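Engineer: Structure for this input, please:
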Amino acid sequence: MTKSELKDFLDEKVALYNNPKFIESDPIQIPHQFTQKEDIEIAAFLTATIAWGNRKMIINNAKRMMDLMGNSPYDFVLHHETHHLDNLESFVHRTFNGIDFKTFVIALQQLYQQYGGLEYFFTQHQEKDSMQNAIAAFKKQFFTIPHLTRSTKHVSDPTQGSAAKRINMYLRWMVRKDNNGVDFGLWQNIPTSVLSCPLDVHSGNVARKLGLLTRKQNDGKALAELDTSLRQLDPNDPVKYDFALFGLGVFEGF
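Structural biologist: Below you'll find the predicted structure:
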C-alpha cells in the first residue's frame, strides 16, 4: 500500500470502530457510567490501571472497584476515612490487590487536595510534542505517599523504557474529543497531537504488518517509532488510529 492508501484504509477502520457500539465491549464503559467530571476521570484512571488481560474480567473487576467506593469514586477518594479503606482489601485483579487499591486511593486524594487533581497535574507537565515525561513526573508524584514497592509497578515510567500502554490509553480517553461519543474530551488544555498510541501486543502486531513499526519489542522505543508513523498520517489526531489498530487485531485477527 502507498502511504495514501494506508491512510484511507486506516481511516475507514477508525470510522468503523470509533462509535458508541465500541463502548459496550470495552473497559471505557466504566467511566461512561458517570456524569461528574471528577468521577469520570477517577473511574477511568482506576479502570485503565487494571486494563490488562481478559477484557470481560477487566470490566467486571472495574465494576467491583466502583462498587467498593459506593459508586461515587470522587467523593470516596476525597472524603474517605481510614476505616473505609478496609473494604478495599478484598479486591484483586491479577497482580493488583487490595493493598495497591488502598494506596491508589490515598495517592489520588493527595493529588486532588494538594495538586489540583489529575487534569491539572498532567496539563502542567505536558511538553510541546509528548506526554511521556509528564507520565514519568506523575508516577514520581503519585508515590510520594507511604507505599509498598510492589505498588509502583502499576504505574509505568516511559523514561525507564516502558511503552506505558495503560496510562497512554487513559490520556486518550480524557483528551480526545470528537462527535462519536467514545472518548470523553474532558481535558481541553492538552492537544491531541501530543498523545501517544496505547501500544500492546495487538496494536503492535498490526502496526508491524502495516509497516508502521519495525522494532520487535513493545517498549518505549517502539512507541516513539509508532508515534512518528501515525503523526505522518494525521499530525493533529494520531491516536485516533488506536481504534483501527486495536479493531484490526482484536476483532478481525488481522
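Engineer: what does the model give the nearest residue to Asp242 once chain neighbours are set aside for pLDDT?
Structural biologist: The shortest distance from Asp242 to any non-neighbouring residue, by Cβ to Cβ, 6 or more residues apart in numbering, is to Cys197 (5.0 Å). Placement of C-beta: from N, CA and C, glycine included. If you check Cys197, the pLDDT there is 96.
Engineer: again, but for Ser130
Structural biologist: So Ser130 comes in at 96 (pLDDT).
Engineer: Equivalent analysis for Gln160, please.
Structural biologist: Looking at Gln160, its pLDDT reads 95.
Engineer: Repeat that for Met1.
Structural biologist: For Met1, the predicted pLDDT is 85.
Engineer: For it, give its distance to Leu212.
Structural biologist: Remark: distance between Met1 and Leu212 (Cβ to Cβ, to the nearest Å) = 11 Å.
Engineer: More neighbours: the two, which one.
Structural biologist: Leu212 (22 against 11; other Cβ atoms under 10 Å).
Engineer: for the more buried one, what are its contacts?
Structural biologist: 226, 229-230 (Cβ atoms under 8 Å, 6 or more residues apart in numbering).
Engineer: at 10 Å instead, please
Structural biologist: 6, 10, 197, 203-204, 206, 225-226, 228-230, 232-233, 241, 245 (Cβ atoms under 10 Å, 6 or more residues apart in numbering).
Engineer: Tell me which two of those residues sit farthest apart.
Structural biologist: Gly204 and Gln232 (17.9 Å; Cβ to Cβ).
Engineer: Compare neighbour counts for these two and give me the winner.
Structural biologist: Gly204 (25 against 13).
Engineer: Packing partners of the helix or strand that one falls within?
Structural biologist: Using DSSP states H and E, Gly204 sits within helix 201-209. Helices and strands touching helix 201-209, by 3 or more Cβ pairs under 10 Å, 6 or more residues apart in numbering; DSSP states H and E, are helix 165-175, helix 220-233, helix 241-246.
Engineer: Take those helices and write them to JSON lines, including distance to Glu89 and mean pLDDT.
Structural biologist: Output for these, formatted as JSON lines (distance: least, Cβ to Cβ, whole Å; pLDDT from 0 to 100):
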{"stretch": "helix 165-175", "distance to Glu89": "23", "mean pLDDT": "98"}
{"stretch": "helix 220-233", "distance to Glu89": "34", "mean pLDDT": "97"}
{"stretch": "helix 241-246", "distance to Glu89": "33", "mean pLDDT": "96"}
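Engineer: Count the residues that sit near Phe96.
Structural biologist: The number of residues near Phe96, taken as other Cβ under 10 Å, comes to 21.
Engineer: I figured it hits Lys153, correct?
Structural biologist: Yes: here Phe96 lies in contact with Lys153, judged by Cβ atoms under 10 Å, at a distance of 9.2 Å.
Engineer: what kind of secondary structure is the residue nearest to Phe34 when sequence neighbours are not counted in?
Structural biologist: The shortest distance from Phe34 to any non-neighbouring residue, by Cβ to Cβ, 6+ apart, is to Ile40 (4.9 Å). Classification of Ile40 by DSSP: H, G, I helix; E, B strand; the rest coil places it in helix.
Engineer: This completes my enquiry, with thanks.
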